[in-house]
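1. Show me how the following folds:
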Amino acid sequence: MLSNCLVTNPTFEITIESSASTVPTRTFKTNENLAKLRASNAKDKLSKALTKNGVKKSQLVFSDSKAVVQGPEYQKDAIENMAVYEQYQYIKIKAGPKK
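-> Presented below is the predicted three-dimensional model:
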């Protein structure tokens, strides 16, 4: 667990990558907005969880988040090919000792 690693490393750098597929979204206006919101929400949730476990905010260094829209061009086939588009809807979080 990251909070345990911070006991032996005073500072960790955390990188968040979020993605949205090319399937249009009305709720978030654009897929870029959706990807950015995913990254922002992940950062907030991770910060809260770590501080709840005793990690000081000063120990957390977040690099700039990367929010992307990717995947095959949308062909109005989201229901039939959901599995194709789902793989482009994710959040990746990487953490390591700050250099």
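2. Neighbours of the nearest residue to Ser58 once chain neighbours are set aside, how many?
-> Among residues not flanking Ser58 along the chain, Thr11 sits closest, at 7.9 Å (CB to CB, 6 or more residues apart in numbering). C-beta coordinates here come from the backbone N, C-alpha and C atoms, glycine included. Thr11 sits with 13 neighbouring residues when counted by other CB atoms under 10 Å.
3. Could you do Ala49 as well?
-> Number of residues near Ala49 (other CB under 10 Å) recorded here: 13.
4. Please apply the same query to the one 10 residues further on.
-> Residue neighbour count, defined by other CB under 10 Å, stands at 18 for Gln59.
5. Quick one: the helices in the protein, in order.
-> In the chain, the segments counted as helices under DSSP state H are 2-8, 31-52, 82-86.
6. Just put the ones you listed in JSON lines and tack on distance to Lys98.
-> Converted to JSON lines, those look like this (distance: least, CB to CB, whole Å):
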{"stretch": "helix 2-8", "distance to Lys98": "11"}
{"stretch": "helix 31-52", "distance to Lys98": "15"}
{"stretch": "helix 82-86", "distance to Lys98": "33"}
